[in-house]
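[1] How does the following fold in three dimensions:
(one chain, ligands or ions: 1)
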Amino acid sequence: MKALVSEYNDKLSSKSAFEILEFSIRNFRDKIVFATSLGAEDQVLTEMIVQIDPSVKIFTLDTGRLFQETYDLLDITEKKYRIKIEICFPDAARVEKMVREKGINLFYENVENRKLCCHVRKSEPLMKALRGMDAWITGLRREKSVTRQNSETMEWDEIHDLIKINPLISWTHQQVWDYIKERKIPYNVLHDKGFPSIGCLPCTRAVLPGEDIRAGRWWWELPENKECGLHQD
Ligand code: SF4
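    Okay, here's the model as predicted:
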């Protein structure tokens, strides 16, 4: 499987995001899954996937610390597209142990604690959800983070041992929003309140005009630390 990545990238280099998805869904059939965070990019992908094949498995990670607006969007998206988005939760015993030992707001203390929280609440459930799959679809965009500059359309995901497909990797912020507006795709209302990137409530703030779009995520950390472990170069 790993050996096929560069062949696929060559084949798909001039294809649109929709065509990349079509090829991937046809190629990986019931061994492909889409992990949505309900962010703007992921809403674009949901709309495309539903057009191609509404039976593709879509899941999201509920860390237990999300915004109410995100839960509302989950509900709206399921109803609009008549789909079921599977919700994956962290292991309750692991969360209890972490909180008992490190505190409820451990992530503000230091990078290690923040990474531990992301690991327990996101990475472990993701690992479980991807088990047995050959490929997963993500909404990564190169432009969005300094840690994603080397990402390609298809990549071998060493951590999860499967192919990662990033159909929007070369899309710009403008392209995403033009597509959303044109197709009347539902999106998180927080985007209209200065939140370009939305994660957990305690770790996300609105950004000021002119600030980098990732400035509102883990704003107390250096840019090179700003990954949650789900996507690593
Ligand atoms: Fe925990 Fe914050 Fe990571 Fe969410 S984003 S899992 S609250 S550290």
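[2] Return the set of buried residues in stretch 90-102.
    For stretch 90-102, burial by neighbour count (16 or more other Cβ atoms under 10 Å) applies to 90, 95, 98, 102. To be clear about C-beta, it is placed using only N, CA and C from the backbone, and glycine gets the same treatment.
[3] In helices only, show me these.
    Among the buried residues of stretch 90-102, DSSP state H puts 95, 98, 102 in helices.
[4] show me the contacts for T70.
    By Cβ atoms under 8 Å, 6 or more residues apart in numbering, the contact set of T70 is 38, 188, 190, 198.
[5] Just give the nearest non-adjacent residue to the first one, would you?
    Of all residues not flanking L38 in the chain, L73 sits nearest, at 5.1 Å (Cβ to Cβ, 6 or more residues apart in numbering).
[6] Can you classify the residue positioned nearest the centre of the chain by secondary structure?
    The residue lying closest to the centre of the chain (Cα atoms, centre = their mean) is S37, at 4.6 Å. Three-state call for S37 (DSSP: H, G, I helix; E, B strand; the rest coil): coil.
[7] before we move on, what about P186?
    coil.
[8] Thought E78 was touching it, still the case?
    No: if you go by Cβ atoms under 8 Å, P186 and E78 don't touch, sitting 10.2 Å apart.
[9] more crowded one of these two?
    P186 (19 against 14; other Cβ atoms under 10 Å).
[10] Show me which residues of the protein sit near the ligand.
    For the chain, the residues in contact with the ligand (Cβ under 6 Å from any ligand atom) are 63, 65, 107, 114, 117-118, 121-122, 199-200, 202-203, 228.
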